[in-house]
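Student: Sequence first, predicted coordinates after that:
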Amino acid sequence: MYKILVINPGSTSTKLAIYEDDKLLSKDTVRHSSEELAPFEHIADQYEFRKNVIKKFLEESGHLLETFSAIIGRGGLLRPIPGGVYAVNELMKEELREGKYGEHASNLGALIASELANEVGIPAYIADPVVVDEMEDIARFSGHPDYVRKSIFHALNQKAVARSTAKEMGKSYEEVNLIVVHMGGGISIGAHKHGRVVDVNNALDGDGPFTPERAGTLPMTQVMDLAYSGKMTLDEMKKRIKGKGGLVAYLNTNDALEVQKRVESGEEYATTIYKAMALQISKWIGKMAAALNFEVDGIVLTGGLAYDKNNMVKWLKEHTEFIAPIYVVPGGDEEKALAEAALRALKGEEEVKSYPQEVNNG
Ligand SMILES: Nc1ncnc2c1ncn2[C@@H]1O[C@H](COP(=O)(O)OP(=O)(O)O)[C@@H](O)[C@H]1O
Ligand SMILES: CCCC(=O)OP(=O)(O)O
């Protein structure tokens with residue numbers, strides 16, 4: 001019997017779970033408001049805050065660290081690597097700590113997992129980090145040779161829900177073409193072509209729809225004019241793209257549940273903004289349909305916003321249902337996918353990869 005602690009730091013939440021083999025023993029989602037996160041200038045500054053959330057969860061659920069077989073964290077911004085289970089190592093931690101490939105809450109998954117695992121001498125892993133890269137080369141062109149489109153998205157959950165949806169359709173993941181729309185603090189829309197994510201927006205970098213805390217694609221010249229106006233620092237500009245964009249900028253909250261309540265109480269501006277977000281997401285679904293030559297077997301809506309069936313899900317259906325049948329997997333299950341990955345590693349059913357390794361996106 002293996003007992004696994006799962007740590008999943010997202011931009012608006014810390015999700016935690018404890019599994020014994022494939023049985024869920026305990027889980028919790030701790031939400032973090034934009035005000036609560038505002039004092040932390042960098043993601044690395046949130047380390048103690050997030051670690052304390054995890055320690056509190058362990059205390060309250062009555063599970064001692066000594067009783068675990070392994071800890072697995074959500075994998076963050078590393079160099080582009082193939083999917084799979086990776087052991088947390090020193091190079092990985094160094095690159096995550098300094099934010100070498102960018103900043104996102106998921107960077108803390110490996111770091112905290114490793115510290116806690118070291119306390120009791122058990123392995124620390126990550127699986128299918130946000131940098132999983134299966135993109136077709138033609139999708140990497142941005143419009144200028146100095147800028148390359150990158151695959152940074154909710155790889156873990158997108159792959160997990162794509163597999164379970166294909167199964168629900170009575171097919172294997174490799175037999176179908178799906179568009180997966182993960183709607184969390186960030187939003188990614190991936191074109192899954194026969195088991196490979198051949199195109200996806202970079203969920204962290206001004207590419208995609210606006211989201212609860214991100215601006216998505218912005219009018220470039222207006223952004224450049226402001227950036228060179230002398231009124232803004234580089235950090236302030238970056239925060240507008242990630243952290244203080246999207247719903248936070250328009251409605252002063254990263255909480256779509258609050259927006260949902262404001263919409264349902266008849267607040268006109270909140271309704272317009274939330275509908276504009278649905279329209280932008282729909283337009284990206286259309287783009288990914290084109291990437292699949294409009295041969296789409298299904299559109300899968302997942303992440304926190306997929307719980308909102310009366311507004312967001314309804315509007316997305318209105319805009320895109322004609323493309324393909326829509327499947328809704330509210331929230332998704334990143335924690336289960338992580339626990340299963342750790343279990344496969346512990347049982348020796350999957351080779352644990354080491355970081356770095358040869359990059360092979362084939
Ligand atoms: N029942 C719900 N209805 C509408 N929005 C929700 C619901 N539950 C969560 N959300 C919203 O989903 C977003 C977070 O999604 P989630 O996938 O948990 O994100 P992350 O992992 O990025 O923190 C937040 O804006 C949150 O308010
Ligand atoms: C780094 C892309 C994944 C992402 O945006 O995650 P959150 O929605 O948890 O912020």
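Tutor: In hand now; what should we look at? Ligands and ions are numbered 1, 2, ... in the order given.
Student: For the stretch 51-200 of the chain, which residues are neighbours of ligand 2?
Tutor: For the stretch 51-200 of the chain, the residues found near ligand 2 under the criterion Cβ under 6 Å from any ligand atom are 104, 106, 130, 152-154, 184-186. Glycine gets a C-beta too; all of them are placed from N, C-alpha and C.
Student: quick check, nearest of those residues to ligand 2?
Tutor: Gly186 (2.3 Å; Cβ to the nearest ligand atom).
Student: What count of nearby residues applies to that closest one?
Tutor: 29 (other Cβ atoms under 10 Å).
Student: go on, Leu24?
Tutor: Residues lying near Leu24 (other Cβ under 10 Å) number 14.
Student: before we move on, what about Met92?
Tutor: Number of residues near Met92 (other Cβ under 10 Å) recorded here: 24.
Student: still on that earlier bit, and the residues of the stretch 51-200 of the chain next to ligand 2, which are buried?
Tutor: 104, 106, 130, 152-154, 184-186 (16 or more other Cβ atoms under 10 Å).
Student: and those near ligand 1, which?
Tutor: Filtering these for proximity to ligand 1 (criterion: Cβ under 6 Å from any ligand atom) leaves 184-186.
Student: could the residues you listed go into a markdown table alongside pLDDT and secondary structure?
Tutor: Supplementary listing: those in a markdown table, determined by pLDDT from 0 to 100; DSSP: H, G, I helix; E, B strand; the rest coil:
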| residue | pLDDT | secondary structure |
| --- | --- | --- |
| Gly184 | 96 | coil |
| Gly185 | 96 | coil |
| Gly186 | 97 | coil |
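Student: Which of those sits closest to Arg262?
Tutor: Within those, the smallest distance to Arg262 is 18.2 Å, found for Gly185 (Cβ to Cβ).
Student: quick one: the closest residue to the closest one other than its chain neighbours from ligand 2, how far?
Tutor: The shortest distance from Gly185 to any residue that is not its chain neighbour, by Cβ to Cβ, 6 or more residues apart in numbering, is 3.2 Å, and that residue is Ser11. Between Ser11 and ligand 2 the distance is 3 Å, computed by Cβ to the nearest ligand atom, to the nearest Å.
Student: same question, Gly143
Tutor: Between Gly143 and ligand 2 the distance, using Cβ to the nearest ligand atom, works out to 22 Å.
Student: next one: Ser354
Tutor: The value you get for Ser354 to ligand 2, if Cβ to the nearest ligand atom is used, is 22 Å.
Student: what bridges to the residue nearest to that residue when sequence neighbours are not counted?
Tutor: In this structure, Ser354 finds its nearest non-sequential neighbour in Ala87, 6.0 Å apart by Cβ to Cβ, 6+ apart. In this structure, Ala87 bridges to Tyr125 when assessed by DSSP bridges.
Student: I figured Ala87 hits Tyr125, correct?
Tutor: Yes - using Cβ atoms under 8 Å, Ala87 makes contact with Tyr125 at a distance of 6.0 Å.
Student: Just give the number of residues close to whatever residue of the stretch 251-362 of the chain ends up closest to ligand 1.
Tutor: Relative to ligand 1, the nearest point of the stretch 251-362 of the chain is Gly304 (2.2 Å; Cβ to the nearest ligand atom). For Gly304, the count of nearby residues is 23 (other Cβ under 10 Å).
Student: That one reaches Gly186, doesn't it?
Tutor: No - using Cβ under 8 Å, Gly304 makes no contact with Gly186, being 10.8 Å away.
Student: if we can go back for a sec, enumerate every residue touching the residue of the stretch 251-362 of the chain closest to ligand 1.
Tutor: Applying Cβ atoms under 8 Å, 6 or more residues apart in numbering to Gly304 gives the contacts 12-13, 183-185, 256, 330-331.
Student: Kindly report the same for Ala339.
Tutor: Taking Cβ under 8 Å, 6+ apart as the contact definition, Ala339 lies against 4, 6, 17, 19, 22, 24, 72.
Student: how far away is Gly304 from His63?
Tutor: Separation of Gly304 from His63 (Cβ to Cβ, to the nearest Å): 25 Å.
Student: does Tyr250 really touch Ile273, like I thought?
Tutor: Yes - at 4.6 Å, Tyr250 counts as touching Ile273 under the criterion of Cβ under 8 Å.
Student: rewinding a little: which of the contacts of Ala339 fall in helices?
Tutor: For the contacts of Ala339, membership in helices holds for none, with DSSP state H as the criterion.
Student: Switch those residues over to TSV; also include pLDDT.
Tutor: As requested, those are exported to TSV (pLDDT from 0 to 100):
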residue	pLDDT
Ile4	98
Val6	98
Ala17	98
Tyr19	98
Asp22	95
Leu24	98
Ile72	98
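Student: Give me the subset of the residues you listed that also touch ligand 1.
Tutor: The overlap between these and the neighbours of ligand 1 (Cβ under 6 Å from any ligand atom) is empty.
Student: ok, so of those residues, who is nearest Ile138?
Tutor: For Ile138, the nearest member of the contacts of Ala339 is Ile72. The distance, counting by Cβ to Cβ, is 34.0 Å.
Student: hey, what's the closest one bridged with?
Tutor: Under DSSP bridges, the beta-bridge partners of Ile72 are Val6, Tyr125.
Student: Give the burial count for it, as a bare number.
Tutor: 34.
Student: Quick check, Ala166 in contact with Ser172.
Tutor: Yes - contact between Ala166 and Ser172 holds when scored by Cβ under 8 Å: they sit 6.0 Å apart.
Student: quick one: which of the two has more around it?
Tutor: The residue with the greater number of neighbours, taking Ala166 and Ser172 and applying other Cβ under 10 Å, is Ala166; the counts read 23 against 12.
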